[in-house]
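> Structure, please.
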Amino acid sequence: MLDGHSHDTDQVVMKNKDGKNVVRSACGTKLQAIGYSHIAADKTVAETNVWSWPNSVSVADLLSINNEMTGKV
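Residues are numbered from 1 along each chain as shown. All right, here's what the predicted structure looks like:
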């Protein structure tokens with residue numbers, strides 16, 4: 001599960017409602033970080049983490065995103 005509003009960037013394994021282990025990748029808030037999960041062919045999670053950068057650069061500039069929404073921020 002990628003979580004985008006938890007105000008932290010913790011990477012933890014927790015139980016779902018059925019008692020099975022699931023990976024929770026917290027991605028912070030306000031585009032603090034971008035979370036990712038690499039899922040293997042056998043459907044297991046191979047890697048989960050976050051990618052972050054100095055917040056002096058907006059994510060739109062960092063990723064060269066240019067659309068009508070980038071000017072609204």
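> bridging residues for Ile34?
Note on Ile34: beta-bridge partners Trp51, judged by DSSP bridges.
> And for Asn21?
Applying DSSP bridges to Asn21 gives these bridge partners: Lys15.
> List the contacts of it.
13-15 (Cβ atoms under 8 Å, 6 or more residues apart in numbering). Where you see a C-beta, it was placed from the backbone N, CA and C, and this is true even at glycine.
> And the residue most central in space within the chain, how far from Asn49?
Centroid-nearest residue in the chain, with Cα atoms, centre = their mean: Gly35, separated by 1.9 Å. Taking Cβ to Cβ, to the nearest Å as the measure, Gly35 falls 7 Å from Asn49.
> Low-confidence ranges, this structure, go.
By pLDDT under 70, the low-scoring segments of the chain are 1-4, 55, 69-73.
> switch the cut-off to 80
1-6, 28-32, 45-46, 52-73 (pLDDT under 80).
> residue boundaries of the strands in it?
2-3, 11-15, 21-26, 33-39, 45-52 (DSSP state E).
> Quick check: chain neighbours aside, which residue is closest to Cys27?
Gly35 (3.8 Å; Cβ to Cβ, 6 or more residues apart in numbering).
> Correct me if wrong: that neighbour contacts Val50.
Yes: look at Gly35 against Val50 with Cβ atoms under 8 Å: they come within range, at 5.0 Å.
> Kindly check the end-to-end length of stretch 14-30 for me.
24 Å (Cα to Cα, to the nearest Å).
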